[in-house]
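# return a 3D structure for these sequence lines:
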Amino acid sequence: MSLSKRQFEAQQEKETPTARITRVRAQLRTVSYELAAHEGRVLDYETAAELNRALAAAMRELEALTFSVAGLAGLAH
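All right, here's what the predicted structure looks like:
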């Protein structure tokens, strides 16, 4: 079941930074395992597109986390 963009954003707002990091690590691990499973073989278009979307989502989340952590660090000063 996929979440709408707004539902996803609401879920993110409720998550702690640690929970978000854990989720992103799991996303990246999944992409890594999928790539390892296809090692030495050419990926079909559908698989490549799916992995690209998963990687892009994880990278966006990492970027958001970076700004979030930077903001928290700024509050500490």
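# name the element the closest residue to residue 38 other than its chain neighbours belongs to?
Excluding the flanking residues, the one nearest residue 38 by Cβ to Cβ, 6 or more residues apart in numbering is residue 47, at 7.0 Å. Every residue, glycine included, has its C-beta placed from N, CA and C. Per DSSP states H and E, residue 47 falls inside helix 45-76.
# mean confidence score for that helix?
Averaging pLDDT along helix 45-76 gives 84.
# can you pull the buried residues of it?
For helix 45-76, the neighbour count (16 or more other Cβ atoms under 10 Å) marks 51, 55, 58, 61, 65 as buried.
# just checking, what packs against it?
Counting contacts by 3 or more Cβ pairs under 8 Å, 6 or more residues apart in numbering; DSSP states H and E, helix 45-76 packs against helix 17-37.
# can you give me the buried ones in the helix it packs on?
Result for helix 17-37 [16+ other Cβ under 10 Å]: buried residues 20, 23-24, 27-28, 31.
# I figured residue 51 hits residue 35, correct?
Yes - in this structure, residue 51 is within contact of residue 35 by Cβ atoms under 8 Å, at 6.7 Å.
# grab the nearest non-local neighbour of residue 20.
residue 65 is the one closest to residue 20 (Cβ to Cβ, 6+ apart), at 5.7 Å.
# on that earlier part again, just how off-centre is the helix holding residue 47 within its chain?
The chain centre lies 5 Å from the centre of helix 45-76; the measure is Cα atoms, centre = their mean, to the nearest Å.
# next one: stretch 35-50
On Cα atoms, centre = their mean, the centre of stretch 35-50 falls 19 Å from that of its chain.
# going forward, the N-terminal residue is numbered 51.
Done: numbering now begins at 51, and the last item shifts to stretch 85-100.
# pull up the distance across that stretch, start to finish.
Start-to-end span of stretch 85-100 (Cα to Cα, to the nearest Å) is 11 Å.
# again with stretch 82-101
For stretch 82-101, by Cα to Cα, the gap between its terminal residues amounts to 9 Å.
# alright, I will stop here.
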